[in-house]
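Chemist: build me a model:
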Amino acid sequence: MERSKIIAIITGAISIILAIAYLIIVQILDYRDMKPAPISQLNQPPAIMATSWH
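Modeler: Have a look, this model is predicted:
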């Protein structure tokens, strides 16, 4: 085989491995039980900064 064909096969295999790893990671993250944030964390009043010019 020519060198360019070997490089193409290697890069193709790496691409497929990365794609499979990505799909596995996405499935693991999607499988987690996503719970909503507690109400106490959602309704925090915004921080207000006051400056006075003397």
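Chemist: count of residues packed around Ile24?
Modeler: 10 (other CB atoms under 10 Å). For glycine as for every other residue, the C-beta is placed from the backbone atoms N, C-alpha and C.
Chemist: separation between the most centrally placed residue in the chain and Asp33?
Modeler: The residue lying closest to the centre of the chain (CA atoms, centre = their mean) is Val26, at 8.3 Å. Separation of Val26 from Asp33 (CB to CB, to the nearest Å) stands at 16 Å.
Chemist: now Trp53
Modeler: Taking CB to CB, one finds Trp53 at 51 Å from Asp33.
Chemist: same thing with Ala21?
Modeler: The separation that Ala21 has from Asp33, given CB to CB, amounts to 23 Å.
Chemist: more neighbours, the two?
Modeler: A count of neighbours by other CB under 10 Å puts Ala21 above the other of Ala21 and Asp33, at 10 against 4.
Chemist: per-residue confidence for that one?
Modeler: Per-residue pLDDT puts Ala21 at 97.
Chemist: what helices and strands are in contact with the helix ranked longest in the chain?
Modeler: Ordering each helix of the chain by length in residues (DSSP state H) puts helix 3-31 first. Packing contacts for helix 3-31, counted by 3 or more CB pairs under 8 Å, 6 or more residues apart in numbering; DSSP states H and E, involve no helix or strand.
Chemist: kindly list the single helix or strand of the chain that scores lowest on mean pLDDT.
Modeler: When the helices and strands of the chain are scored by mean pLDDT, DSSP states H and E, helix 39-42 comes last with a mean of 62.
Chemist: against Trp53, how distant is the residue nearest to the centre of the chain?
Modeler: 53 Å.
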